[in-house]
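Student: Give me the fold of what follows.
(2 chains)
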Amino acid sequence: MTQPPDSRVPRPPADDGVTYVFAVCRATRAVGALDLADEAGMPGGRAVRLLPAGLLTAVVQTVPAADFTDEVWQRRLSDRTQIERYARAHHAVVSNVAAHAPVVPLPLATLYHDDDRARTRLATDANRFHTALKRVAHHAEWGVKVYRAPTPEPDPTPDEPLTAAGGRVPGAGLAYLNRKRGVQALRERRREQALDVAESVDAELRGLAAASRRLRTHGAALSGDDRTHVLNATYLVADERAGELRRLVRALGDRTGSQIELSGPWVPYSFVGEV
Amino acid sequence: MATHDVVPWDGQEPLSGPLGVPLVDLLDRVLATGVVVSGDLVIAIADVPLVRLSLHALLSSVNERVPAPWNDGGPL
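Tutor: The predicted structure is shown next:
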């Protein structure tokens, strides 16, 4: 920043707000009867409400334009507290609505200039929304993460001892290199084994899922532990197969000896973008 | 739905009890599912250069140690 925040910078004209869209549902009677009075929605926003758009209904909120600009989001996205606040606000509305009707959740910060623009755009893509709604109806998303437990460093026991004085015996340099290579090879083998486990877990789960996606694995800094995250995948699973999924995850954990975490059911965020 | 003993946040109301969802898993879904930037659903429908998400600041801090499993840089 070359300048301090400056109050002389002209403010945007009176803020009529922009339309934030959380999710899209079918315009059914159940959706029409949704009680959104308790939904907080985005910080600073007005009441969360329904926006009818033909055979679809969007769950929307008018939010202050000045607080939802590109620039503000750039800052927000690099502030963990802020992003958490907005992500959870978004997720709360989406989840609450999804408890009553199938929804196509939209990503965080899907905004339109006003209701008319939102309605027009939703109508334009109505077919895709209907396809997505059909796809996710009676399905939920389940996340599966596989971790490799921390393994002790390979034992670097020298196979050729140093002399009593600590000096090198002849050939020590070569032995050192060989040990190094051995450690490296072992590490590599373990890594490959872990990835093999990840692949086979994913393959088994895909057999049960209607669709699947691989997400990026998380670094240790983020998850706050020293386990190595080798699979982060997410599956669209029919509701009646949820029990089967849980049993399979447990069985895979037992069989592979890996730590496998299942999370869900999620609103199918990851499975509405490909239709 | 049956009870789920596997998932800590998965309580009585599976789809409406999101408070305990780990942030990172949530961000995987509300931000980085591919719909935002890869240009399918949302870009197609969202009438917005109003908000153009740039997630690098956030997610590069999230994941430096484990390379993304995809070749093309992934959904970001």
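
Student: what sits against residue A:97?
Tutor: Contacts for residue A:97 (C-beta atoms under 8 Å, 6 or more residues apart in numbering or on different chains) come out as A:22, A:23, A:25, A:34, A:36, A:59, A:103. Every residue, glycine included, has its C-beta placed from N, CA and C.

Student: Show me which pair in the residues you listed is furthest apart.
Tutor: A:36 and A:103 (13.0 Å; C-beta to C-beta).

Student: Neighbour count for these two, which is higher?
Tutor: With neighbours defined as other C-beta atoms under 10 Å in any protein chain shown, residue A:36 and residue A:103 compare such that residue A:103 has more, 31 against 16.

Student: Could I get the contacting residues of the more buried one?
Tutor: Per C-beta under 8 Å, 6+ apart, neighbours of residue A:103: A:23, A:24, A:25, A:59, A:94, A:97, A:133, A:136, A:267.

Student: Just these: which are in strands?
Tutor: A:23, A:24, A:25, A:59 (DSSP state E).

Student: one step back: closest to chain B out of the contacts of residue A:97?
Tutor: Distance to chain B, by C-beta to the nearest C-beta, is smallest for residue A:103 among these, at 9.4 Å.

Student: Not counting residues beside it along the chain, what's closest to that closest one?
Tutor: Sequence neighbours aside, residue A:23 is the residue nearest to residue A:103 in space, at 4.2 Å (criterion: C-beta to C-beta, 6 or more residues apart in numbering or on different chains).

Student: what's across from that neighbour in the sheet?
Tutor: residue A:59, residue A:105 (DSSP bridges).

Student: how close does it get to residue A:248?
Tutor: Residue A:23 sits 29 Å away from residue A:248 when distances are taken as C-beta to C-beta, to the nearest Å.

Student: More neighbours: those two, which one.
Tutor: For residue A:23 versus residue A:248, the count of surrounding residues by other C-beta under 10 Å is larger for residue A:23: 25 against 19.

Student: does residue A:263 have beta-bridge partners, and which?
Tutor: Beta-bridge partners, per DSSP bridges, of residue A:263: residue A:143.

Student: isn't it right up against residue B:25?
Tutor: Yes: with contact defined as C-beta atoms under 8 Å, residue A:263 reaches residue B:25; the gap is 5.9 Å.

Student: Need the residues touching each of the two.
Tutor: With C-beta under 8 Å, 6+ apart as the test, residue A:263 and residue B:25 both reach residue A:143.

Student: which stretch of helix or strand covers residue A:50?
Tutor: Following DSSP states H and E, one finds residue A:50 within strand A:48-53.

Student: Could you list the residues in contact with that strand?
Tutor: A:19, A:21-22, A:27, A:31-32, A:34, A:36, A:39-41, A:57-61, A:93, A:115, A:118-119, A:122-123, A:126.

Student: With that, I have no additional questions.
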